[in-house]
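Visitor: Okay, structure incoming, though there's no sequence with it:
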């Protein structure tokens, strides 16, 4: 049987008193266990969230990397194989919304900035094992919205870009400059502008190169405090014109390539992006000097003076590739017939010059002044650059007056201009070619229209350089833009008869090295001694300083071609003898090397005149040398460029070198301090096995 046990004192079954110690203890522990459990769940959730966030961050960080490039909201950086940063670019016109970024294959793209929509991408391209390239494109989707990126150059040396008035090697940036149109300009007249030979290309000592795309409405600025070059694309307040059938959205697109060393990356860029000439100009111009009338006679040249000049060249025993008859042989600017007063019998004059063995090139330009007999012809036939509404010619001011400028986008203007030049050649047998002056975009009016619209105004320069092609063997240009395939001589801009860096003797090597890096290898320096302009001459107002003239002559002898105007016999017999010595040295030592290298240019595009770092890519000192240069890889030249000096410091890269005096140096790299160089000498060294 079951025994019934009473439930409590009051006789109720199963009832417990709440205040019992056991029940209180069990309730408290339960609550603690519940709280602990809930806290554990929260901690687990937090850990899961943290892990997810961390994993997402890793994925995002991985997403924003492509090969050796790291993308951030305010720019990107590129690392070398060893992990060090070799290139930095900052976004100055907006920052990316990184949540809008995605990656597909080798393309990392984003579609929003911090305030608006855009199209942005970076694509990785590895064209060869030793080169890594990145295609970068930022396109705004709002009109009148500029794009600006800022490239940091601290810690590296940069080369390229454009000819300038105060040329330095490497580039020396001073002050702050708001981005301005990167177009061809006459830096002799406007010394803060970009020069007549330019390309959208820069090269760095850390084996990095950047090439701005041709389609970009490109503006360039800089800041020496931030140590940046500012690359900007815009249409507002700009001479660049958008495609009329497309929205006027600014686009900044470019390619950055990184290689193993500065020389090899430059070789890659030249082969990939530059035009190359298809012929070598006349060998005789490489071997023998050109003799110009400009610095000697300016615009007062006439028939008697030209014949006397030629007679003195022969009398003094000098060779002559050709005579260059410069400004003011015609009655008016824009005409092609000889002035009958200054040249009363041009036919007989040219016949006599031909008998005496002289060929002649004639100065020409794209301007037709309003008082020229050809102004009306050009107006009637529509040969000129026009005002924006497209009816009347746009008059321009240039150094010889006011007139119209020929529209070389117009086939009719090209044919008319070319026919005038060909007629001169046909009429006078000794006329062999032409010196094409001007052609810079800066001579176009601010607002204009052309037969074929020019979205990039510097394409006018390209069209002008094409006019030299039929006369290419001895033709001479002073402008170039995408014109490396024009197989002519390219002349650096006029030099003042001074020692310094601003269009003086010291600027010649940096200028030649710069345009060589830009792909223009058939370089013609300015006239020996400069132009002898009033107030821009060291020496008398009639002749450059004698010492300056001699040092200029010695440097020119090691350039691809030489050009006299101030004759050496205007000084004394010693200067004449020095001139004979160096024209002969140019003919026997320099010209054969230059001609051999010129033939290689057709295939490689490599410079004839090279910087020292070309053969010393890991030599920090070589990156900064601006007063020495190489011809090819094995002839190094170190001219004296200082007034009153008969010695100079010389840097020899690693290798075994033999001086022009027969000394051997094989413990390089080394500095030769106060190396003696007589006034009638120039120091040069040959690399020997």
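Guide: Everything's here; your move. Because the structure is predicted, anything quoted here is derived from the model rather than measured.
Visitor: Need phi/psi at residue 415.
Guide: Taking degrees, to the nearest 10, you get phi -70, psi -40 for the backbone angles of residue 415.
Visitor: Neighbours of it, how many?
Guide: By the criterion of other CB atoms under 10 Å, residue 415 has 11 neighbours. The C-beta positions use only the backbone N, C-alpha and C, and glycine is treated the same way.
Visitor: Repeat that for residue 589.
Guide: For residue 589, using other CB under 10 Å, the count is 17.
Visitor: so where is the stretch 1-150 of the chain shaky, pLDDT-wise?
Guide: 1-32, 36-37, 40-63 (pLDDT under 70).
Visitor: For it, which segments count as helices?
Guide: 21-63 (DSSP state H, counting those that start in this stretch).
Visitor: cool, the chain as well?
Guide: Remark: helices assigned in the chain by DSSP state H are 21-63, 262-273, 283-287, 294-297, 303-315, 346-355, 373-381, 411-427, 459-465, 508-517, 546-556, 573-585, 591-604.
Visitor: Mind listing what's buried along the last one?
Guide: To tie it back to what came earlier, the one meant is helix 591-604. 591, 593-594, 597-598, 601 (16 or more other CB atoms under 10 Å).
Visitor: hmm, back to that, with respect to residue 218, which of the helices of the chain lies nearest?
Guide: helix 459-465 (12.6 Å; CB to CB).
Visitor: which residues are contacting the closest one?
Guide: 184, 196, 366, 408-409, 414, 436, 439-441, 444, 450, 454, 477, 479-483, 486, 488 (CB atoms under 8 Å, 6 or more residues apart in numbering).
Visitor: burial measure for residue 371, as a count.
Guide: 12.
Visitor: same question but for residue 372, I mixed them up
Guide: Residue 372, neighbours per other CB under 10 Å, totals 20.
Visitor: same check, this time on residue 581
Guide: 15.
Visitor: ok, back up a step: out of the buried residues of helix 591-604, flag the one nearest to residue 628.
Guide: residue 593 (16.4 Å).
Visitor: what's the distance between the closest one and residue 686?
Guide: With the distance defined as CB to CB, to the nearest Å, residue 593 ends up 10 Å from residue 686.
Visitor: Now do the shared contacts for these two.
Guide: By CB under 8 Å, 6+ apart, the residues touching both residue 593 and residue 686 are residue 635.
Visitor: dump the residue contacts of the residue lying closest to residue 202 once chain neighbours are set aside.
Guide: Distances taken as CB to CB, 6 or more residues apart in numbering place residue 160 nearest to residue 202, at 4.4 Å, with adjacent residues excluded. For residue 160, the contacting residues are 171, 199, 201-203, 514, 517-518, by CB under 8 Å, 6+ apart.
Visitor: need those residues in CSV with distance to residue 379 and neighbour count, can you?
Guide: As requested, the contacts of residue 160 are exported to CSV (distance: CB to CB, whole Å; neighbours: other CB atoms under 10 Å):
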residue, distance to residue 379, neighbour count
171, 44, 21
199, 35, 24
201, 39, 22
202, 42, 22
203, 46, 25
514, 39, 27
517, 42, 23
518, 37, 28
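Visitor: Reformat those residues as CSV; add distance to residue 533 and pLDDT.
Guide: Below are those laid out as CSV (distance: CB to CB, whole Å; pLDDT from 0 to 100):
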residue, distance to residue 533, pLDDT
171, 27, 97
199, 29, 98
201, 32, 98
202, 32, 98
203, 33, 98
514, 23, 98
517, 29, 98
518, 27, 98
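Visitor: From these, which land in strands?
Guide: If you go by DSSP state E, those have 199, 201-203 in strands.
Visitor: Can you give me the pLDDT of the spatially most central residue of the chain?
Guide: Centroid-nearest residue in the chain: residue 161, 2.4 Å away (criterion: CA atoms, centre = their mean). For residue 161, the pLDDT comes out at 98.
Visitor: Pull the contacting residues for the nearest residue to it once chain neighbours are set aside.
Guide: What sits nearest to residue 161 in space, not counting adjacent residues and going by CB to CB, 6+ apart, is residue 202, at 5.7 Å. Going by CB under 8 Å, 6+ apart, residue 202 touches 158-161, 171, 209-210, 229.
Visitor: about what we covered before: show me the one of the helices of the chain that comes nearest residue 333.
Guide: Once the helices of the chain are compared by CB to CB, helix 373-381 is nearest, at 9.5 Å.
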